[in-house]
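>>> Got a predicted structure plus its sequence, pasted below:
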Amino acid sequence: MVMRVRKNRKYLGSRTWGWGNKKNRRGSGVRGGVGRGGRKSKWTYTVKYDKERIHTPGFKPPRRVPLSEISLERISSMAQAMKEEKPTLDLRGYKVLSNGMLSKPAVIKATSFSAKAEEKIKQAGGEAVRLE
């Protein structure tokens, strides 16, 4: 019986699998690929001389998260389920849209509101509070 650990089990999670520097055994020398290939090794060049590539159309910074949408109809059903007379709904990260009607007065705290949604909430006797 052969007593040895297979290499793929031994080196899982390792970048180099026991072959030394990451440049070794690359198969294409030390050039890091052709063109834009091997971007990690060419990042300083990109930052210094090729800045337009970073800000290409469609590039979104990781901190910008798009808002989810929620309709007044759905909010109305949530308010009906709550037994309070004027329930408070915290909808951080949502934009309230004006689809439907609000059947019960409620305090709605959301990141954003459409103009019509704010009107409908005030008509029903509720409050629209913007969150930062």
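Perfect, I can see it now.
>>> Lys120: neighbour count?
Residues within reach of Lys120, counting by other Cβ atoms under 10 Å, total 21. The way it works is simple: take the backbone N, C-alpha and C, and place the C-beta from them, glycine included.
>>> How much space separates the nearest residue to Lys122 once chain neighbours are set aside from Tyr11?
Nearest non-adjacent residue to Lys122, counting by Cβ to Cβ, 6 or more residues apart in numbering: Ala128, 7.0 Å away. In this structure, Ala128 and Tyr11 are 57 Å apart, going by Cβ to Cβ, to the nearest Å.
>>> the more surrounded of those two?
For Ala128 versus Tyr11, the count of surrounding residues by other Cβ under 10 Å is larger for Ala128: 17 against 14.
>>> The more buried one belongs to a strand, doesn't it?
Yes: counting by DSSP: H, G, I helix; E, B strand; the rest coil, Ala128 falls inside a strand.
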